[in-house]
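K.L.:
Below is the sequence, then the predicted model.
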Amino acid sequence: MRPPVLAAASVPAAVLLALGALTACSVDAKNATPKSTAFAFSGDTLDVRAHGVPTDLVATDRKDVEVTRWFDAKAGSKKTLVWKLHGGTLDLDARCKGLALCDARFRVEVPRGTTVLRDGRPTKLRGDKH
């Protein structure tokens, strides 16, 4: 019979093995199927809050705000997926909780001439829609 210390030592090894298996399954938002939604917008300033998710901000010849999200996650992930516009604040989030792997990115197309803030701070836009 093993001493209790040896049995307890196998728990961290099992956790490391599980983490190794997860990292072998790579995730990449570039491989995800894009999903888009549009929001009616009539303001002059838009504050984009993306909670650290990479987000391209692009001026276009549109009257609304269009958001495209790429999100890739492995099974068993507890996902948080948010895109909502309240007044002049666009709230975007895409992440996983717990023992999970995920990757996300957003593209926000705004009407040309709109002042865009990123987390309350002035930011530059990425040119025109390709």
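P.N.:
Good, I have the coordinates. Numbering: from 1, shown residues only.
K.L.:
Only C-alpha atoms from now on, for both contacts and neighbour counts.
P.N.:
Noted.
K.L.:
quick one: the strands in this protein?
P.N.:
Applying DSSP state E to the chain gives strands spanning 35-39, 45-49, 55-60, 65-73, 78-86, 89-97, 102-111, 115-118, 121-122.
K.L.:
and residue 74, what does it touch?
P.N.:
Shown in contact with residue 74 (C-alpha atoms under 8 Å, 6 or more residues apart in numbering): 25, 27, 100, 101, 102.
K.L.:
low pLDDT regions in this protein?
P.N.:
By pLDDT under 70, the low-scoring segments of the chain are 1-25, 75-77, 127-130.
K.L.:
Just list the residues touching the spatially most central residue of the chain, thanks.
P.N.:
Note on the chain: the residue nearest the mean C-alpha position is residue 94, at 3.4 Å, using C-alpha atoms, centre = their mean. Counting by C-alpha under 8 Å, 6+ apart, residue 94 touches 53, 71, 79, 80, 81, 82, 104, 105.
K.L.:
how about 6 Å then?
P.N.:
By C-alpha atoms under 6 Å, 6 or more residues apart in numbering, residue 94 lies in contact with 80, 81.
K.L.:
follow-up on the earlier one: ChimeraX command for the buried members of the contacts of residue 74?
P.N.:
In ChimeraX syntax, the buried subset of the contacts of residue 74 is picked out as below (16 or more other C-alpha atoms under 10 Å):
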select :27,100,101,102
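K.L.:
okay if I get the contacts of residue 74 as CSV plus distance to residue 113?
P.N.:
As requested, the contacts of residue 74 are exported to CSV (distance: C-alpha to C-alpha, whole Å):
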residue, distance to residue 113
25, 42
27, 36
100, 40
101, 38
102, 34
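K.L.:
For residue 114, state which of the contacts of residue 74 is nearest.
P.N.:
residue 102 (31.5 Å; C-alpha to C-alpha).
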